[in-house]
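Student: Whatever this is, show me its structure:
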Amino acid sequence: MEDVEIRRFEPGDRDWLVAAHQDHYARAEGFDETFGVLVGEILDAFLAGHDPERERGWIAWRGERRLGSIFCVGLDEETAKLRLFLLTDAARGKGLGKRLLATCMDFARARGYRHMKLWTHESHRAAGALYAKTGWRLASSEPVVSFGQPLVEQHWDIDL
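Tutor: Here you go, the predicted model:
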């Protein structure tokens with residue numbers, strides 16, 4: 001995937017990113033419409049008030065086609081949160097996830113964050129394997145009902 005460019009998230013990416021998350025997780029895991037609403041709220045808050053020096057989003061592109069996303073947002077002075085990590089089906093299994101994750105973590109380190117956290121679900125096995133392979137630790141796991149589905153929520157963290 002060397003022909004893929006990783007660009008900064010722009011406001012014009014918002015609607016695609018909401019739809020891509022909603023469509024993928026509805027199809028793959030049966031998530032209801034509340035998931036798309038949550039993604040929209042996260043993006044709206046980011047657009048309304050993120051600190052561009054310490055928070056950033058990226059979209060992976062091949063030509064005119066978006067392939068994925070990842071975001072780094074601040075939780076506090078020392079801790080960043082990884083958010084909205086997504087790859088389209090066509091982009092999976094080709095190393096792009098590793099590139100996006102490295103982009104996000106390198107940005108966090110360069111901005112002085114000492115730790116990162118993320119929230120995901122156990123069913124996202126490929127992402128969990130990537131996190132474990134790159135040094136992230138599973139901090140907690142608990143059964144929940146979210147987005148109309150019984151899930152196992154996970155929290156991961158890493159020291160940078």
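Student: so Ala26 sits right up against Thr34, yeah?
Tutor: No: between Ala26 and Thr34 no contact is recorded; they are 10.8 Å apart, counting by Cβ atoms under 8 Å. The way it works is simple: take the backbone N, C-alpha and C, and place the C-beta from them, glycine included.
Student: more crowded one of these two?
Tutor: More crowded of Ala26 and Thr34, by other Cβ atoms under 10 Å: Ala26, with 16 against 12.
Student: element containing that one?
Tutor: Under the criterion DSSP states H and E, the helix or strand holding Ala26 is helix 14-29.
Student: which of the residues in that helix are buried?
Tutor: By neighbour count with 16 or more other Cβ atoms under 10 Å, helix 14-29 contains the buried residues 14, 17-18, 20-22, 24-26.
Student: of all these, which comes closest to Gln149?
Tutor: Tyr25 (9.3 Å; Cβ to Cβ).
Student: Relative to Gly112, how far out is the closest one?
Tutor: Relative to Gly112, Tyr25 is positioned 33 Å away (Cβ to Cβ, to the nearest Å).
Student: Show me the strands in the protein, by range?
Tutor: 5-8, 56-62, 65-74, 79-87, 115-121, 137-146, 149-159 (DSSP state E).
Student: Partner strands of the third one, with direction?
Tutor: Within its sheet, and counting by DSSP bridges, strand 65-74 is paired with strand 56-62 (antiparallel), strand 79-87 (antiparallel).
Student: Check what contacts the last one and list those residues.
Tutor: Here strand 79-87 makes contact (Cβ atoms under 8 Å, 6 or more residues apart in numbering) with 17, 20-21, 24, 39, 42-43, 54, 57, 60, 67-75, 96-97, 100-101, 104-105, 108, 111, 113-119, 127.
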